[in-house]
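[1] sequence plus the predicted model coming up.
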Protein chains: 2
Amino acid sequence: MVMEKNMNDTFLLSPSLVDERMDDLIADLQVLIRQPSVSALNQGLEECALLLAKMMNTAGIRTELLYLSKPKNLKSKDNNDLEKHLTIPPIVFGEVKSKSNPLGKTILFYNHYDVQPIDPIEKWDDDPFSGKVDGNVIFGRGSSDDKGELITRIKAVEFFLKQTGDVPCNIKFLIEGEEEIGSPNLNKYLLEYIDKFHCDLIIWESGYIDNKGRAIISLGQKGILNVELNVQGPSHDVHSSLAVAIENPAWKLIEILTSLYDNNGKILIDGWYDDIEHLTEGELQQIEKEYFDEDSFKKEYGIRQFINNASGSDIKKRLALEPTCNITGFCSGYTNQGVKTIIPSSATAKLDFRLVPFMDPKSQFNKLVSFLRAKGHSEDELKITFWSGEPAYRTPLNNEYVNIVIDGAKKIFNDVILNISSPGSGPMYIFNKLLSVDSICIGSTILPNKMHSPNEFTNIDLLNKATKCFIEIIKEISKIVC
Amino acid sequence: MVMEKNMNDTFLLSPSLVDERMDDLIADLQVLIRQPSVSALNQGLEECALLLAKMMNTAGIRTELLYLSKPKNLKSKDNNDLEKHLTIPPIVFGEVKSKSNPLGKTILFYNHYDVQPIDPIEKWDDDPFSGKVDGNVIFGRGSSDDKGELITRIKAVEFFLKQTGDVPCNIKFLIEGEEEIGSPNLNKYLLEYIDKFHCDLIIWESGYIDNKGRAIISLGQKGILNVELNVQGPSHDVHSSLAVAIENPAWKLIEILTSLYDNNGKILIDGWYDDIEHLTEGELQQIEKEYFDEDSFKKEYGIRQFINNASGSDIKKRLALEPTCNITGFCSGYTNQGVKTIIPSSATAKLDFRLVPFMDPKSQFNKLVSFLRAKGHSEDELKITFWSGEPAYRTPLNNEYVNIVIDGAKKIFNDVILNISSPGSGPMYIFNKLLSVDSICIGSTILPNKMHSPNEFTNIDLLNKATKCFIEIIKEISKIVC
C-alpha cells in the first residue's frame, strides 16, 4: 500500500501531549476502580462492563457488549443452568478501523475488567474501591490488575483519535469479565464472535517494569488448573472428646495434601511432568540473559530465601518453566477467636496448579483424580472439584512482532528485557488455537503493586509511560507495509 | 447426730411432684438459653450470671456473684492486663444450709453458665438462642451443655425448699463462666474463696443417659491442652504465580502438623506418653463391663468405622484412656466462594490434646514446643500459643459416695452403668487438688443432643428424670450419719 499524507503527520505527533491529559486518565481509572467487579463473587460485572463501554465510546472507540447465545441444549426447564448462563458477564468489544490505513495491520488489546476478591478486608488501609490518589500512586482493587493497564491502552488510542481523527493502524479491544476466575467462557466467546476478533498481534493485558525502569517484554504465560478438595467427616461438628474414635476430616485432608507435594517444589502425582515441552537452546539462553533482582524480590515479599534455597539461573528457570502445586485456601472447623473443642464435620482446600506447555488442564486433573482414587480415597470420602483451567502458551522468540514491540518500547523505557514466559497465567493458549495469533505482554506494573493483595496500587508515572509506549508501538506497527 | 422429725417427713416426699412443675423448669431454662453467654467471645457472661443469680435467689438459694480480687502485682498503668482482669466472668455461688441437719454432709454442684460458640451459624435450623420447644425437646446453644443440666439441680433443691422450707443436707452451687475455654481462672477462684467451697462430694456438671435409658455414672475426666500454631509466610498475600519461589505457609503448617500425629491415633511428639498412669486391675475390669453401642454411635455421627477400625473393648479403652491430638480449626488464605489465586500470608491451626492422668498440660506443652523447635521451626517461622490446659482426674472406684449415688439413680433410671472416665474434659483435677474432694458425674444428656454442634437440644423427659434423680441422691446422702 501507499502511505498517505496524514499518516506521515501521525508519526510526527509527540506522545508528550499525553502529559497534558493525565488528569483525565486518572479520573477515568478512578471511575473504573470505584465500580467493584469481582468475578469470583459475580459482583458488579455487568455494571462495570457498561461503564467501560460508555467510557470507550466517549473516547471515540466504537464499543459494544457481546453476550453468549443461549446454548441450544439448554431447555427452559433447566432453571439452574439457565440462571448460570444468564450471569456470564459480557465481553466489551471495541474497534477502530483506520481510515488512512485500512489494509494495515490489526492490533487486538486483550484486557479484563474483573478483579480479584478483596479478602482479607481488614488488611486494607482504605476502602478497596476508593481509587484514592496519594502523590504518584492510585490505590484500589484493580488499580494495577487490570484496570490500570487497560486505561493506558484506551488513552493511547484516544490520543490518535483526538489528534488526527483517525488511528494509523486497525485497533481492537477484547475486554473480558472472567479472567480472574480462569476465563471459563472465553473459549465460547471466541468461537461465537470469531469474525470480530481476527487480528495480527495481541497485546496482552499486562506487563512488568523492573526496578531499573526497564520494560519486561514477556512472550508466554503458564497455564493453570484450579481445583477444590473436600473431605467429609462426621455428619455434624462433634465434641472433640470423641477424637479417639471419630476420624477428623482436617487430618484426613492433610494426609491427602501431603501425598500431592513434597513442600520443596516437587509434585508427587504420578505422571504429572510427563507432557512438558523441552526448550530450544535459544530459549534456554534467553532465560540466562534475563535480569532478576533476588534481593529486591525477597525484600518486597518479606522472605529470607526461595524454595529449596534456589538462586541465580535456577530461580529464573523456575519462574519461567516450573509447574506449581499451591494451596490458595484451607478451611476447617472453628477459626474465630479463642477455643472451640470440636471435630469439624468437613475440611476444604483450594489448590491452584500452574502448568507449562504442553500440559493439558483436564488431563492433569484426571491424573490428580486417578492418583487420589488409587490411594483409596473414595468419592464418599473425598470430593474433587474442577473449578477451571487453561493451558500454557509461549509466543516463539522469532515471532515477527517481537522486535517491533521492542523498538517501540525502547523509545519510552530505559531499556527492555525479553522474557520467554511470565510465571502467571492467562488464556493466551486459546487465542492462539482459535485465532492463530501470537501475544506479547507489555505494561505498567511493578512488583510492589500488590496485585491480588490488600492495598493494591498503581504508579501514575508508569501509567504515563505505558500510554506513551503504546502510542510508539502503534506507530511502529503502522509502518509495516502489507 | 439425731435425725429430726421433719427430716423423716422429707424422705416420704414423692419426686412425682416434680411433674407438676415442669412448665416452670422449661420456662426458666428458656430464660437461660435466651441469654447468649459465649466464653470464647466474652459475650453476655456477666449478664447471664446476674440472671442466674436472680433465678436461684427466687428459688430460695442464697446466691452471690464472686469476683476475683485484682492481683497485687497489677499496677494501674498495666491497662491491658487490668482490662483483661476486669473481663473475667464471675462465679455464681449458691448455698443452702440444712436447718434440720446442719452437721450433715455437704454436696457441691459444679456447673457452668457459659456455652460454646454458635459457628457454623448457617447450619442451625433456628436462632441458636431461641430456646424453642418442640414436643419433648428444647433447642438452643446451652440447652444441654450446661444450662439444661444446671436447671435440674436448681429445681431439685427448690423442690425440698418449696415442700419443707429446708433441705435435708447442706447444698452448695459453684457455677463458673469459663468452662468452655478450659476454666483458666477457676484455680484462682478456688484459692481466693476456698472457705466457701468446702464440701464432701462434688456432683459434676453433666452425665449421659444411654440409649436404653440407663444413667452412666462417670468417675473421671480427661485433661486438655489447647494450643494454636501459626506460620508466617510472605509479608502479604501474594499472587500465586510466585509459588515456584515463595514457600506457602499452609504447606509449611501441613508439614508441621504431619510431624505431630500419624492420623491413626498415635501422637508422634517425643515423650508424649511418658507420664501416663497405669490402671489397676479393677479399673480395667470395670472398662470391660461398660456398655457401648457401637452401631448407634456410628449412626449418630454418620461414620462408617472408628479410627484404626477399632471395636469392642479396644474402643471403650480408647474413650476412657487414650490421649488425642485433634485439629479443631485450620484457616489459611481464601475460603470464600470460587477461586482466588494467592499464596496466603499466614496459616493457623487450632489443636486440642486430650490428656490422661498424670499428664501435666504445661509440661506436655513444653514437650510440643521442644519437639517443633528441635525440628528447626524457629520462633520467626512458627508461633506456638498456649491457650489453656487442665490435667485429667479420676475418682477412685472405692470412693464412699459412688454406691450412694448409684442407689439414688437406680430409683429413677432403668439401671446404671459405671464408667471410670468420660472422654471429655473439665477441671475435676483442680477441685481434688485444692479441696481434697472427689467428683461424680451424673446428668440428663444423651449422645444425640449435639453438644458443641449446631441444633443442640435437650430432652424434657430426661430433665424431669434427672431432677427426680438429684432429689433421690440428696435424700440418700442425707441418710449418712456424721
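    Yep, it's here. Numbering: from 1, shown residues only, chains lettered A, B, ... in the order given.
[2] quick one, strands of the stretch 351-482 of chain A?
    Per DSSP state E, counting those that start in this stretch, the stretch 351-482 of chain A carries strands over the ranges A:382-390, A:393-394, A:416-419, A:422-425, A:439-441, A:457-459.
[3] what's the angle between the lengthiest strand in chain A and strand A:382-390?
    The residue-count maximum for a strand in chain A (DSSP state E) belongs to strand A:220-232. Relative orientation of strand A:220-232 versus strand A:382-390 (axes from the mean of the first three to the mean of the last three Cα atoms, to 10 degrees): 160 degrees.
[4] which strands or helices does strand A:220-232 pack on?
    helix A:249-258, strand A:346-355, helix A:361-374, strand A:382-390, strand A:393-394, strand A:422-425, helix A:428-435 (3 or more Cβ pairs under 8 Å, 6 or more residues apart in numbering or on different chains; DSSP states H and E). Backbone N, C-alpha and C define where each C-beta goes, glycine included.
[5] now mean pLDDT and mean neighbour count too, for the ones you listed, in a markdown table please.
    Output for these, formatted as a markdown table (pLDDT from 0 to 100; neighbours: other Cβ atoms under 10 Å in any protein chain shown):
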| stretch | mean pLDDT | mean neighbour count |
| --- | --- | --- |
| helix A:249-258 | 98 | 23 |
| strand A:346-355 | 97 | 25 |
| helix A:361-374 | 98 | 17 |
| strand A:382-390 | 95 | 18 |
| strand A:393-394 | 96 | 26 |
| strand A:422-425 | 92 | 24 |
| helix A:428-435 | 96 | 20 |
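[6] could I get these as TSV with distance to chain B?
    What follows is those, written out as TSV (distance: least, Cβ to the nearest Cβ, whole Å):
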stretch	distance to chain B
helix A:249-258	4
strand A:346-355	5
helix A:361-374	13
strand A:382-390	5
strand A:393-394	15
strand A:422-425	4
helix A:428-435	14
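[7] could I get the ones you listed in CSV, plus columns for distance to residue A:276?
    Shown next, in CSV, are the helices and strands packed on strand A:220-232 (distance: least, Cβ to Cβ, whole Å):
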stretch, distance to residue A:276
helix A:249-258, 23
strand A:346-355, 9
helix A:361-374, 11
strand A:382-390, 16
strand A:393-394, 12
strand A:422-425, 15
helix A:428-435, 15
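[8] state the pLDDT value of residue A:2.
    pLDDT recorded at residue A:2 is 41.
[9] check residue A:15 too.
    pLDDT for residue A:15: 78.
[10] hang on, isn't residue A:34 packed against residue A:127?
    No. Using Cβ atoms under 8 Å, residue A:34 is not in contact with residue A:127; the gap is 9.2 Å.
[11] so which residues on the stretch 1-150 of chain A come close to chain B?
    A:39, A:40, A:41, A:116, A:117, A:119, A:120, A:123 (Cβ under 8 Å from any Cβ of the partner chain).
[12] isn't the third one right up against residue B:339?
    No. Counting by Cβ under 8 Å, residue B:339 is not a contact partner of residue A:41; they are 10.8 Å apart.
[13] settle it for me: which of these two has more neighbours?
    Neighbours were counted for residue A:41 and for residue B:339 using other Cβ atoms under 10 Å in any protein chain shown; residue B:339 has more, 27 against 16.
[14] can you tell me the closest non-neighbouring residue to that one?
    Distance criterion Cβ to Cβ, 6 or more residues apart in numbering or on different chains; nearest residue to residue B:339, sequence neighbours excluded, is residue A:226 at 4.7 Å.
[15] dump the strands of the stretch 351-482 of chain A into JSON lines; add distance to residue B:385 as well.
    JSON lines is the format used below for the strands of the stretch 351-482 of chain A (distance: least, Cβ to Cβ, whole Å):
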{"stretch": "strand A:382-390", "distance to residue B:385": "31"}
{"stretch": "strand A:393-394", "distance to residue B:385": "46"}
{"stretch": "strand A:416-419", "distance to residue B:385": "43"}
{"stretch": "strand A:422-425", "distance to residue B:385": "34"}
{"stretch": "strand A:439-441", "distance to residue B:385": "44"}
{"stretch": "strand A:457-459", "distance to residue B:385": "33"}
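[16] give me the residue from the stretch 1-150 of chain A nearest chain B.
    Closest residue of the stretch 1-150 of chain A to chain B, Cβ to the nearest Cβ: residue A:40 (3.5 Å).
[17] which ones are touching that residue?
    A:116, A:117, A:180, A:181, B:336, B:337, B:338, B:339, B:340 (Cβ atoms under 8 Å, 6 or more residues apart in numbering or on different chains).
[18] which SS class is the closest residue to it other than its chain neighbours?
    Nearest in space to residue A:40, with sequence neighbours left out and distances taken as Cβ to Cβ, 6+ apart, is residue B:338 at 3.5 Å. Under DSSP: H, G, I helix; E, B strand; the rest coil, the three-state class of residue B:338 is coil.
[19] report the beta-bridge partner residues of the residue nearest to residue B:339.
    With DSSP bridges as the criterion, residue A:226 is bridged to residue A:352, residue A:388.
[20] what's near enough to touch the residue of the stretch 301-450 of chain A found nearest chain B?
    Nearest to chain B, among the residues of the stretch 301-450 of chain A, is residue A:302, at 3.0 Å (Cβ to the nearest Cβ). Counting by Cβ under 8 Å, 6+ apart, residue A:302 makes contact with B:234, B:235, B:236.
[21] who wins for neighbours among the residues you listed?
    Of the contacts of residue A:302, with other Cβ under 10 Å as the count, residue B:234 tops at 22 neighbours.
[22] and the gap between it and residue B:375?
    22 Å (Cβ to Cβ, to the nearest Å).
[23] ok, how many other residues are close to residue A:481?
    Residues lying near residue A:481 (other Cβ under 10 Å) number 11.
[24] what segments of the stretch 51-200 of chain A are helices?
    Ranges of helices in the stretch 51-200 of chain A, per DSSP state H, counting those that start in this stretch, are A:79-86, A:147-164, A:186-192, A:194-197.
[25] among those helices, which is the most enclosed?
    helix A:147-164 (a mean of 24; mean count of other Cβ atoms under 10 Å in any protein chain shown).
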